[in-house]
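[1] okay, sequence plus prediction incoming.
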Amino acid sequence: MAIQWFPGHMHLTRKAIGERIKDIDVVIEMLDARLPGSSANPMLGELIQGKPTLKVLSKQDLADADRTQDWLRHYNAQPGVRALALDTSMASPAKALIQACQTLAPMRGGMVKPMRVLMCGIPNVGKSTLINTLKGQRAAKTGDEAGVTKVEQRISLADDFYIYDTPGVLWPRIIVAQSGYNLAASGAVGVNAFDEQEVALELLQYLLNHYPQNLALRYKVPAASLHSDAEWLQAIARQRGAVQSGGRLNTAKAADLVIHDFRSGALGRVTLETPTEFAQWLKLGQLADAQRQQKPKRSAKSKTS
């Protein structure tokens, strides 16, 4: 299954970012700390034109702390990039953000040269929640569904510090298959764009390989007693009473439970990818995408010969 989701307003956001970036000093890209590689929009790299970038790993309280540190080291080793992890419910993240932006653009600041920051990221990554925390009020709309923010908003964090908050935007084609599953599991993709059971099975398989004790603790099933994602989904259906007439297991309801438990943190602190894993997935995805794009050319050539 290839998961794709690019609503019409995202095309407008792409154009708006391209225009706004000309006057921006620093770009803040919000990432989901549970899937930093998958939640980094490769399209933004083309749009921000080499601007200094601050990678903010949101929802760190839901992510594996050790893996979060691995991702911070990964990004901080890149030129023109700084990275920090935040929990969007933190009371005072403004100071850390302002200091990081000033490090990236030391010549900006003060009323003559105010700092102009563009905040962007994928849908449902926590941008609006963070902005509301920064302002101490509901300056930006928030919601559980992807794509709540539809228009750009300007927020004055200080007299000489402006943040432009853009709607969440994915990229036209997700070429990394595992990223599609991870984005769907996190809530970054609209619910009509994926099959919940398929996403839940992929999620369970990863957790079974990397966080088996989290599964055992949450669902009261011995970690070593089940060996496949399908077995786990069936066991969860039984354990949670998701049984239909005739004793048939309601695996669709169980899948919804698994995804909800991941999003809420009920499965514990989990991160679905490491920098090394994501680099491997990306390499395979780029290779497969290149092969797909070559097929039409070969077909056209064979017809003319």
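    That came in fine, so what should we check first? Numbers count the residues shown, from 1 in each chain.

[2] report the central residue of this structure.
    For the chain, the residue nearest the mean C-alpha position is S39 (3.1 Å; C-alpha atoms, centre = their mean).

[3] can you show me the helices along the stretch 101-250 of the chain?
    127-135, 177-186, 196-210, 212-219, 229-239 (DSSP state H, counting those that start in this stretch).

[4] just confirm R20 contacts M119, I think it does.
    No: at 10.9 Å, R20 and M119 do not qualify as touching, with contact defined as C-beta atoms under 8 Å. To be clear about C-beta, it is placed using only N, CA and C from the backbone, and glycine gets the same treatment.

[5] returning to what we had before: out of the helices of the stretch 101-250 of the chain, deepest packed?
    helix 177-186 (a mean of 25; mean count of other C-beta atoms under 10 Å).

[6] from the chain's centre, how far out does that one sit?
    Relative to its parent chain, helix 177-186 has a centroid offset of 9 Å by C-alpha atoms, centre = their mean, to the nearest Å.

[7] now swap in stretch 35-47 and tell me
    Centre-to-centre, stretch 35-47 and its host chain are 9 Å apart (C-alpha atoms, centre = their mean).

[8] name the residues of it that are buried.
    L35, P36, G37, S38, S39, A40, N41, L44, L47 (16 or more other C-beta atoms under 10 Å).

[9] you'd agree D159 is up against M111?
    Yes: taking contacts as C-beta under 8 Å, D159 lies within contact range of M111: 6.6 Å.

[10] mind putting the helices of the stretch 101-250 of the chain into a markdown table with distance to W281 and mean pLDDT?
    Putting those into a markdown table (distance: least, C-beta to C-beta, whole Å; pLDDT from 0 to 100) gives the following:
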| stretch | distance to W281 | mean pLDDT |
| --- | --- | --- |
| helix 127-135 | 25 | 79 |
| helix 177-186 | 5 | 94 |
| helix 196-210 | 12 | 95 |
| helix 212-219 | 22 | 93 |
| helix 229-239 | 18 | 92 |
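
[11] closest one to Q294 among these?
    Nearest to Q294 among the helices of the stretch 101-250 of the chain is helix 177-186 (18.6 Å), distances taken as C-beta to C-beta.

[12] now the angle from that closest one to helix 196-210?
    Per axes from the mean of the first three to the mean of the last three C-alpha atoms, to 10 degrees, the angle that helix 177-186 makes with helix 196-210 is 110 degrees.

[13] list the helices and strands helix 177-186 packs on?
    In terms of contacts (3 or more C-beta pairs under 8 Å, 6 or more residues apart in numbering; DSSP states H and E), helix 177-186 is packed against helix 196-210, helix 251-264, helix 275-304.

[14] low-confidence bits of the chain, can you list those?
    1-13, 49, 88-91, 136-152, 170-172, 224-225, 296-305 (pLDDT under 70).

[15] please repeat the previous calculation with a cut-off of 80.
    Counting by pLDDT under 80, the ranges of the chain that qualify are 1-19, 43-49, 88-92, 128, 131-153, 157, 166-173, 190-193, 222-227, 295-305.

[16] ok so, going back, quick check, nearest of the buried residues of stretch 35-47 to V26?
    Nearest to V26 among the buried residues of stretch 35-47, with distances taken as C-beta to C-beta, is L44, at 13.3 Å.

[17] Q69 versus the closest one, what's the distance?
    24 Å (C-beta to C-beta, to the nearest Å).

[18] repeat for L54
    In terms of C-beta to C-beta, L54 sits 17 Å off from Q69.

[19] who's more crowded, those two?
    Ranked by neighbour count (other C-beta atoms under 10 Å), L54 and Q69 place L54 first, with 23 against 11.

[20] residues in contact with both of R20 and M119, list them for me.
    Y164, T166 (C-beta atoms under 8 Å, 6 or more residues apart in numbering).

[21] which one's more surrounded, these two?
    M119 (25 against 16).

[22] re earlier: how about the helices of the stretch 101-250 of the chain in JSON lines, adding distance to A105?
    Formatted as JSON lines, the helices of the stretch 101-250 of the chain follow (distance: least, C-beta to C-beta, whole Å):
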{"stretch": "helix 127-135", "distance to A105": "18"}
{"stretch": "helix 177-186", "distance to A105": "30"}
{"stretch": "helix 196-210", "distance to A105": "38"}
{"stretch": "helix 212-219", "distance to A105": "40"}
{"stretch": "helix 229-239", "distance to A105": "46"}
